[in-house]
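prediction below, plus the sequence it came from.
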Amino acid sequence: MSAVVPNWLRATLSERPATVTCVLHDDGRIACALSSRGGILPGADLACEPGEALVARLAELTARVRRRTVRLSVPRDLALVRHSCLPARALPHAEAILRYDVENLMPLSAGEILADWFVDAQDGETGDLHITQVVLSRARIAALEDALGQGGFRITHLTVGDADGAPLPVDLVAIREPSLRRAFARLPPSARLLYAAALALLVSTPFLAAARQSQALEDLGTVSRLSPSAQAAAGVADFIETGGRRIPVVAVLDELTRRLPHGASLSDFRWSNGRVEVTLQGSDLGAAEVELSSSDLFRNVEATVEDRPTTDRLHLRFDIQSPARPDPAGDQT
């Protein structure tokens, strides 16, 4: 991932900025001052010609800093600005691709080229990335590097266009990793809102999942607290809905129990392929036959009476039919 982070993020957003800021002007003069917290550049009144005056100025600053690091800003006219286009899938390798291109285009060795790049825009139709690459020949700042080296300073940040009022988001010599907090602060407001929304969604996801699990457990607890009769009714309803218009055995037994006279009892029950055979014994068997024949659940009731010395038996055979369901699309009166 670090390969796709532009150099300006690695350095200019570092929590340890350079202690000294230098500005190279178009006329070759150099202004140097201690770095300020607001990133204010030294004014033109501090500019001096490269040579003894610059060495003296750096010697004065040396006594006032502990770390001898320099942020150098060069004019935009000194740099080569290239525009190119890459497919989005090549972004992880953009650093190597762009570096290879510029080294093949310029008659300079790799050590003489300072370069950085940034994504300028993305094509809404193709998804291709429009990339801007900024290139600087090291020879352009060789004299300044020598003067800085004499004072023990080293360039840790090299930016372009700051003094022109049109800075480019690059750092040509970045060596440090970025600070997330300062990187976020430098983003445009719209990008900050998007990143904040994405972060909020990422953080809230585990809590949303836990809340859904808690609700599911609570719903299960509610079901378990239902009375046995309510659970049985719910189970019968689910079975009927799952099995279409089939009637469960429990419903048949409940219907038999409701319609049997007080003196009659069930002694045998068989059910096969929707055909039921039952045997009743006791008194009031005739009334039992009439009651079962009038049931909406039973049809084609056939009865056979078996006379016995002690008690009579009534054998009944009938089919099971599902009660008609109301048509939800029918007229409501």
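Perfect, I can see it now.

CA only for contacts and neighbour counts going forward, please
OK.

which residues in the stretch 1-150 of the chain form helices?
7-11, 52-62, 94-105, 142-150 (DSSP state H, counting those that start in this stretch).

what about stretch 205-224, average pLDDT?
The pLDDT scores in stretch 205-224 average 66.

in the sheet, who's paired with residue 303?
residue 316 (DSSP bridges).

count the neighbours of residue 143 for me.
By other CA atoms under 10 Å, 13 other residues sit near residue 143.

got the contact list for it?
residue 50 (CA atoms under 8 Å, 6 or more residues apart in numbering).

just use 36 as the starting number from now, easier for me
Yep, numbering from 36; the last one is residue 178 now.

got the contact list for stretch 312-328?
Residues contacting stretch 312-328 (CA under 8 Å, 6+ apart): 291, 294-306, 333-334, 336, 338, 346-353.

among those residues, name the buried ones.
Among the contacts of stretch 312-328, those scoring as buried are 291, 294-296, 299-301, 333-334, 336, 338, 348-353 (criterion: 16 or more other CA atoms under 10 Å).

what residue ranges in the stretch 186-335 of the chain score low on pLDDT?
209-223, 226-227, 251-283 (pLDDT under 70).

my guess is residue 82 meets residue 66, correct?
Yes - between residue 82 and residue 66 there is a contact at 3.8 Å, judged by CA atoms under 8 Å.

let's check: the centremost residue of this structure is which one?
Closest to where the C-alpha atoms of the chain average out (CA atoms, centre = their mean) is residue 237, at 6.0 Å.

three-state assignment of that residue?
helix (DSSP: H, G, I helix; E, B strand; the rest coil).

who has more neighbours, residue 82 and residue 66?
Legend: neighbour count by other CA under 10 Å for residue 82 and residue 66, higher for residue 66 (24 against 21).

ok, what's across the strand from that one?
Beta-bridge partners of residue 66, as defined by DSSP bridges: residue 58, residue 82.

dump the residue contacts of it.
57-60, 77-83.

could you do residue 302 as well?
313-316.

what does residue 297 give?
Contacts here follow CA under 8 Å, 6+ apart; on that basis residue 297 touches residue 319.

now with 10 Å?
When contacts are counted by CA atoms under 10 Å, 6 or more residues apart in numbering, residue 297 touches 317-319, 323.

now swap in residue 91 and tell me
97, 186.

now it: how far from residue 103?
Separation of residue 91 from residue 103 (CA to CA, to the nearest Å): 15 Å.

touching, residue 301 and residue 295? I think so.
Yes - using CA atoms under 10 Å, residue 301 is in contact with residue 295, at 8.5 Å.

with just CA atoms, put stretch 180-197 into PDB.
The C-alpha coordinates for stretch 180-197 follow below in PDB (Å, rounded to 0.1, in the frame of the first residue of the first chain):
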ATOM      1  CA  GLU A 180      22.500  21.400  -2.000                       C
ATOM      2  CA  ASP A 181      26.200  22.100  -1.700                       C
ATOM      3  CA  ALA A 182      25.700  25.100   0.500                       C
ATOM      4  CA  LEU A 183      23.200  23.300   2.700                       C
ATOM      5  CA  GLY A 184      25.600  20.400   3.000                       C
ATOM      6  CA  GLN A 185      28.400  22.700   4.200                       C
ATOM      7  CA  GLY A 186      26.200  23.700   7.100                       C
ATOM      8  CA  GLY A 187      25.200  20.100   7.900                       C
ATOM      9  CA  PHE A 188      21.600  20.600   6.500                       C
ATOM     10  CA  ARG A 189      19.800  18.100   4.300                       C
ATOM     11  CA  ILE A 190      16.700  18.600   2.200                       C
ATOM     12  CA  THR A 191      13.800  16.500   3.600                       C
ATOM     13  CA  HIS A 192      10.900  18.200   1.700                       C
ATOM     14  CA  LEU A 193      11.000  19.500  -1.900                       C
ATOM     15  CA  THR A 194       7.800  21.200  -3.000                       C
ATOM     16  CA  VAL A 195       6.900  23.000  -6.200                       C
ATOM     17  CA  GLY A 196       5.100  26.300  -6.800                       C
ATOM     18  CA  ASP A 197       4.500  27.500  -3.300                       C
END
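
noted, bye for now.
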